[in-house]
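Enquirer: Turn this into a model:
(chains A, B, C and D)
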Number of protein chains: 4
Amino acid sequence: MSSNLEVLKLSVFGESHGRAIGFTLEGLPEGKKVSEAAVQAFVDRRKSRGGYATARREADEVEFLSGLKNGYTTGAPVCAVILNSDARSADYNKLKDTPRPSHCDYAAMQKYGEWCDLAGSGHFSGRLTAPLCAAGGVAAEILKDSGIRAAAYIAELGGIPLSSYRNGVPSLTDVVEAHNSELPILCEEKREELIRLLDQARAEGDSLGGVVELVAYHVPVGLGGPLYEGLEGRLASMFFAIPAVKGVEFGDGLHISALKGSEANDAFRYEDGKVVTATNRSGGINGGISNGMEITARIAFRPTPSIAKPQKTVNLTSCTDTEIRIKGRHDSCIVPRAVVCTEAAASLIILDAMMENASRRI
Amino acid sequence: MSSNLEVLKLSVFGESHGRAIGFTLEGLPEGKKVSEAAVQAFVDRRKSRGGYATARREADEVEFLSGLKNGYTTGAPVCAVILNSDARSADYNKLKDTPRPSHCDYAAMQKYGEWCDLAGSGHFSGRLTAPLCAAGGVAAEILKDSGIRAAAYIAELGGIPLSSYRNGVPSLTDVVEAHNSELPILCEEKREELIRLLDQARAEGDSLGGVVELVAYHVPVGLGGPLYEGLEGRLASMFFAIPAVKGVEFGDGLHISALKGSEANDAFRYEDGKVVTATNRSGGINGGISNGMEITARIAFRPTPSIAKPQKTVNLTSCTDTEIRIKGRHDSCIVPRAVVCTEAAASLIILDAMMENASRRI
Amino acid sequence: MSSNLEVLKLSVFGESHGRAIGFTLEGLPEGKKVSEAAVQAFVDRRKSRGGYATARREADEVEFLSGLKNGYTTGAPVCAVILNSDARSADYNKLKDTPRPSHCDYAAMQKYGEWCDLAGSGHFSGRLTAPLCAAGGVAAEILKDSGIRAAAYIAELGGIPLSSYRNGVPSLTDVVEAHNSELPILCEEKREELIRLLDQARAEGDSLGGVVELVAYHVPVGLGGPLYEGLEGRLASMFFAIPAVKGVEFGDGLHISALKGSEANDAFRYEDGKVVTATNRSGGINGGISNGMEITARIAFRPTPSIAKPQKTVNLTSCTDTEIRIKGRHDSCIVPRAVVCTEAAASLIILDAMMENASRRI
Amino acid sequence: MSSNLEVLKLSVFGESHGRAIGFTLEGLPEGKKVSEAAVQAFVDRRKSRGGYATARREADEVEFLSGLKNGYTTGAPVCAVILNSDARSADYNKLKDTPRPSHCDYAAMQKYGEWCDLAGSGHFSGRLTAPLCAAGGVAAEILKDSGIRAAAYIAELGGIPLSSYRNGVPSLTDVVEAHNSELPILCEEKREELIRLLDQARAEGDSLGGVVELVAYHVPVGLGGPLYEGLEGRLASMFFAIPAVKGVEFGDGLHISALKGSEANDAFRYEDGKVVTATNRSGGINGGISNGMEITARIAFRPTPSIAKPQKTVNLTSCTDTEIRIKGRHDSCIVPRAVVCTEAAASLIILDAMMENASRRI
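Expert: Next comes the predicted model:
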């Protein structure tokens, strides 16, 4: 039940083939403008688009049940639901005996036993990122008031490196513009190659992974804290809540380990009367606390484990090795849809950290 | 105050130059053998050793105040303290005006104002990993009962790649043996080169980073859960609680993003009547839940920001750019001492996840 | 956002005149039988019945959205909603300026400002006890497995003392039988008098309070803990979550304060090979931990503050003293409907305490 | 591990006959004046005084280990310890087989098994209220800044009713003055009678209970929230954390249940331009939220179960009924010492509720 939130309390509920998925979010400040249309548009950004995404089509209409009045938060818990419509459980029935490699099936059955609802991957489904995005969309709306914006894009796809903040933090405008396309990238010249790659993967019944970069703009200095209060750990724990994430790094991340301190340190200097750092290898976080620079993070997504190619697995009833061919409608690459999920995750954590700071001002 | 623990409740307290540092840990099961000597030996592994570590010498004697009786947990909260002795605050007094680049100083002062106790980096000091290790040492003792063991080693230092689980998970015996040396590595042939590198960094007043690999052996299948209950997020949030960590990845981590699903998936098969995976690119975790294989993680540490070389910074009183030369006694490389910290972090999370699972068996 | 649950995580959401009210409950054990019909029947017990209850008629159909499959818990979060239908906000519009005495209006507006949704008392409405009962009904279903049952009845109404556990703990059978009537009491001979009293209060536009007694049968010994882990504090915090509760006592409660230790202590003795106490003045809890006897508690409800009689209040716009006559449909006595709410509250806490104990058995 | 705190995180640790008892408190605001001498004086108020208290004499010196600098909070966790000195475990050794009636022994052994440290009642001992008072003393110091003060006195002792807020809320001055005596009461004329009663109880090897009344002065309007966020539930859960508490009521509490709404409601009116209530039967809390009036609560303490008189109990080894005579040094009435404990409990909850409100002001 963990979610590493301090002041806010988030519950994401629902199963892929159940009646509805949704979230409740408690502890939100009252009187904050939250446009339901803006949240819907935010959630819409994770919809399946393009040939490489699942053929399952869901309206994913976010219906707010509580906590908002006339477009403002009331201070009471916000609950929103998204009804499931296009569920075809039959597709999944055979998987119980033959767990899909690298998927949740085997581990989940070991934890929850036969009781686990794994139709469409149940509560483990990527569909659950829809309510996560809805909750994050509410947080993002509230952060707008303070001018804070978490925005992400694809920095690597199928092994092809794309434009990255490591070569200069992109402008918010550029990132937002990238969101208009199915493939939110910052280097247009690679688009065709990527689409070819995605088409090929789909044709082969295979899948691709990638890396999303998240930049949080205009984050105030002073959010987070030492040790387990650190902003990196809190952000990471929410990023890892997005299925398929296998690595999270901040700033120069794993690369910084190879540098010397004199190369890695970000010198302070004054710019227009404000303290800034000359470089931002730290990703905007020092000692677990935001330093006023952009927060930058890289979130690595594995290729989705549901592929059409035959795979080796076991039959848990006969206790023999066997093969599986996964049917159903799967994304051959979830990275484009995951971009907005990272923004949702970051927005929730940043809002929570701001509220924690505010709690000290009595 | 976050720590992403579900059933356990951990508080780490103290400042580098205060009277004592320590931890309280609530919720531990009763009747578990915890050898105080074993916990002390565990904590001793993070002591400064070798020429590249801080000249500050602390006994770091862990004194248990509560929760243990005759070597067993009583079920009541465990508190232990470590008295500070060798503190020299004068070394740090000038830093207030001129924050050290990439250190906590600036961000912490922005959060806590003048009230923050930054002598020796205060509550942000690497010294606070001593109580973290003590708490983790208690968890590790309890896990021994179930045969579970989290063990780590250095997989990269100063940019030099060393033996890694990516080329085959090492045996627990080999990892434990590596702990006997100052530099716990698995490829003896690189030791001399590393020591030369460390000596050089120290001589230059510079610092080095590195990557620690953590392998958790004999973790039962079924720990963790979907979304924010995922074992990766919970482990990561505790790894990031260790100062200087800038990246965390599981299994093949960021590399897996470049693979196709057919390459990345870990095929299931039977081995001696037990379900195993042919490869372990997932790092022992599928769908946020342990799958019975070794849990493998890479934790990237930045070079410590406290270096002797002159650095550019600002003077916050005169609001001008300036230079700083950090005095004091600093590690030129904290990676060797951080190895045990990652084991502590992992042990706490694994124990907590086991207890959460047990809570369901009513 | 507090709820004093350790292992479970409960969110109750919704407003009286919003689209829906409901709850999410995370952390439930998997594989536990939960009959939706039984939960519905449980919730139905709080429906307005009899002339003394609100004229508002709601179907209060509990619709489960997640976490159950074929009548068993899956281990994933349970969410259920109850749609609002019979809401008439116009009744409440004038109250904003003139807060109802002893009602939430004034205090809530001071906390949440104009943003607060107070139509029908919003998130403060007694209607929110419907999802509380639904959540508690799920817990009660799970406790059935272990033979545990929390059952309540009215022990005092409008100042008239009724049959109380203080004169002997009633049998579960008797308490359950009492639930068949609108007025769940254990002394039939007082029924007519009470109904006259209730009719009179309603006729006068006034309201009545009362005391509910909760008996938890077959609670295993060993639940709870010392200090803030104590079962009394945890139960009390959930009882006080029911609107209108102003006092909670266990066993002999406030009366025990007037006794000597030699009178108040419950002597232990063996009965059929089992340790029992000769009396149960402690209410089944010693040192914060259940001792195996029935847990007994008295929960005092104030008369509902919404009365038809004219009352003195203030006009917050003109800053003058004024009078108010509350219209709308109100219960003249909520005690009969509150009985099941106390069972819900107790069931949630007992289940949580059982899970906390189970977490220690690794 | 529950403590029903939202923003703060409290751990109380230690055993009666262990090395030390203490607390850690995380999340405190930085820059708040906390006089260690004032906290010590606060804790000193619970010391055994008078002939009716335990003969055990402890210095109870509160030693702060972290979180304070030059008399101000730093924003880092505060830990303080109190060393045990005058422990005589031999007194308790025989109790293991023959649990003391209405004491923690039997229930605790059932929960924790043989591992439980029950020497001097271990973690269940009334001694643990010393660190609770120390933590509450820190909170009380911080509340001083805002002019808030929780102050308590004895309102009933050994069944003798004393001056109560029910007949008019006493002035803070009067309550504070009462703290100067061993028996903090507000009706001097009863003092002799009470002392006779206490002497008699002690002489008879018996014990007495009583009721403490807590008044929180100058609490701002708007603290708390609906349902499980309610201030009553949060306060009650902390009051019940004090050993021997068996009942908690607010305002007119259980008495209000016998009134009609028209009698029970507190009419609003303007006084010096401020909204007040004509009466305060609600105890300063409406809808779970403070309404700006004094918060008033009655906390009922049972007579302490440790009495010298012979009592019936069981022998758990031989499984037979037997008798016990408790030796050791026990209070014959803990109510006078408990007064300050209720202030500590209330201060912690009020500070936490203020911080939760502040968290909303981003």
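Enquirer: Below-threshold pLDDT in the stretch 51-200 of chain A: ranges please.
Expert: A:51-57, A:86-95 (pLDDT under 70).
Enquirer: And the strands in it, which stretches?
Expert: A:63-66, A:68-69, A:72-73, A:78-83, A:149-157, A:160-161 (DSSP state E, counting those that start in this stretch).
Enquirer: Kindly indicate whether the closest residue to A:Ala241 other than its chain neighbours is helix, strand or coil.
Expert: Nearest residue to A:Ala241, sequence neighbours excluded (Cβ to Cβ, 6 or more residues apart in numbering or on different chains): B:Tyr228, at 4.1 Å. Heads up, the C-betas are built off the backbone N, CA and C, glycines and all. Here B:Tyr228 is helix, with the state taken from DSSP: H, G, I helix; E, B strand; the rest coil.
Enquirer: what's the spacing between B:Tyr228 and chain D?
Expert: Using Cβ to the nearest Cβ, to the nearest Å, B:Tyr228 is found at 19 Å from chain D.
Enquirer: Number of residues surrounding that residue?
Expert: 26 (other Cβ atoms under 10 Å in any protein chain shown).
Enquirer: Next: A:Thr73.
Expert: Around A:Thr73 there are 24 residues (other Cβ under 10 Å).
Enquirer: who does it bridge with?
Expert: A:Leu68 (DSSP bridges).
Enquirer: could you list every residue that touches it?
Expert: Taking Cβ atoms under 8 Å, 6 or more residues apart in numbering or on different chains, we find A:Thr73 in contact with A:Leu28, A:Pro29, A:Glu30, A:Gly31, A:Lys32, A:Val34, A:Gly67, A:Val138, A:Ile142, C:Trp115.
Enquirer: Just give the nearest non-adjacent residue to the closest residue to chain B within the stretch 1-150 of chain A, would you?
Expert: Per Cβ to the nearest Cβ, A:Cys104 is where the stretch 1-150 of chain A lies closest to chain B, at 2.4 Å. In this structure, A:Cys104 finds its nearest non-sequential neighbour in B:Gly287, 2.4 Å apart by Cβ to Cβ, 6+ apart.
Enquirer: residue furthest from the geometric center of chain A?
Expert: A:Ser318 (37.9 Å; Cα atoms, centre = their mean).
Enquirer: that older thread, so the residue nearest to A:Ala241 is in contact with A:Lys9, correct?
Expert: No. If you go by Cβ atoms under 8 Å, B:Tyr228 and A:Lys9 don't touch, sitting 11.4 Å apart.
Enquirer: Now do the shared contacts for these two.
Expert: By Cβ under 8 Å, 6+ apart, the residues touching both B:Tyr228 and A:Lys9 are A:Ser3.
Enquirer: Output the set of residues of the stretch 51-200 of chain A in proximity to chain D.
Expert: With Cβ under 8 Å from any Cβ of the partner chain as the criterion, the stretch 51-200 of chain A meets chain D at residues A:Gly75, A:Ala76, A:Ile142, A:Ser146.
Enquirer: Please repeat the previous calculation with a cut-off of 10 Å.
Expert: A:Thr73, A:Gly75, A:Ala76, A:Pro77, A:Ile142, A:Leu143, A:Asp145, A:Ser146 (Cβ under 10 Å from any Cβ of the partner chain).
Enquirer: what do you get for the stretch 201-350 of chain A?
Expert: Going by Cβ under 10 Å from any Cβ, the residues of the stretch 201-350 of chain A near chain D are A:Pro220, A:Gly225, A:Pro226, A:Leu227, A:Tyr228, A:Glu229.
Enquirer: residue of the stretch 151-300 of chain A with the smallest distance to chain B?
Expert: Closest point on the stretch 151-300 of chain A to chain B, by Cβ to the nearest Cβ, is A:Gly287, at 2.4 Å.
Enquirer: Need the phi and psi values for that residue.
Expert: phi 60, psi 30 (degrees, to the nearest 10).
Enquirer: Surely it touches B:Ala107?
Expert: Yes. The pair A:Gly287 / B:Ala107 is scored as a contact, 5.6 Å apart, by Cβ atoms under 10 Å.
Enquirer: shared neighbours of the two, which are they?
Expert: Any residue near both A:Gly287 and B:Ala107 by Cβ atoms under 10 Å, 6 or more residues apart in numbering or on different chains counts here, and that gives A:Gly224, A:Gly225, A:Leu231, B:Phe124.
Enquirer: Where do the strands of the stretch 251-362 of chain A begin and end?
Expert: A:268-271, A:274-277, A:285-286, A:289-290, A:295-301, A:311-315, A:320-324.
Enquirer: Which members of the shared contacts of A:Gly287 and B:Ala107 are positioned in helices?
Expert: The helices, defined by DSSP state H, take in A:Leu231 from these.
Enquirer: Closest one of the shared contacts of A:Gly287 and B:Ala107 to A:Val212?
Expert: Each of the shared contacts of A:Gly287 and B:Ala107 was scored against A:Val212 by Cβ to Cβ, and A:Leu231 proved nearest at 18.1 Å.
Enquirer: Find me the pLDDT at the residue farthest from the centre of chain A, would you?
Expert: What the model reports for A:Ser318 is a pLDDT of 94.
Enquirer: For A:Pro101, see how far away it is.
Expert: Going from A:Ser318 to A:Pro101 by Cβ to Cβ, to the nearest Å gives 18 Å.
Enquirer: One more: A:Glu323?
Expert: Distance from A:Glu323 to A:Pro101, by Cβ to Cβ: 10 Å.
Enquirer: Looking at the two, which one has more neighbours?
Expert: Counted by other Cβ under 10 Å, A:Glu323 and A:Pro101 do not tie: A:Pro101 has more neighbours, with 29 against 11.
Enquirer: Which residue is the nearest non-sequential neighbour of the more buried one?
Expert: B:Asn265 (4.1 Å).
Enquirer: possible to save the strands of the stretch 251-362 of chain A as a markdown table with distance to A:Leu351?
Expert: Shown next, in a markdown table, are the strands of the stretch 251-362 of chain A (distance: least, Cβ to Cβ, whole Å):
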| stretch | distance to A:Leu351 |
| --- | --- |
| strand A:268-271 | 27 |
| strand A:274-277 | 23 |
| strand A:285-286 | 16 |
| strand A:289-290 | 13 |
| strand A:295-301 | 13 |
| strand A:311-315 | 41 |
| strand A:320-324 | 42 |
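Enquirer: Quick one, which of these gets closest to A:Lys96.
Expert: Closest among those, once you apply Cβ to Cβ, is strand A:311-315, at 10.3 Å.
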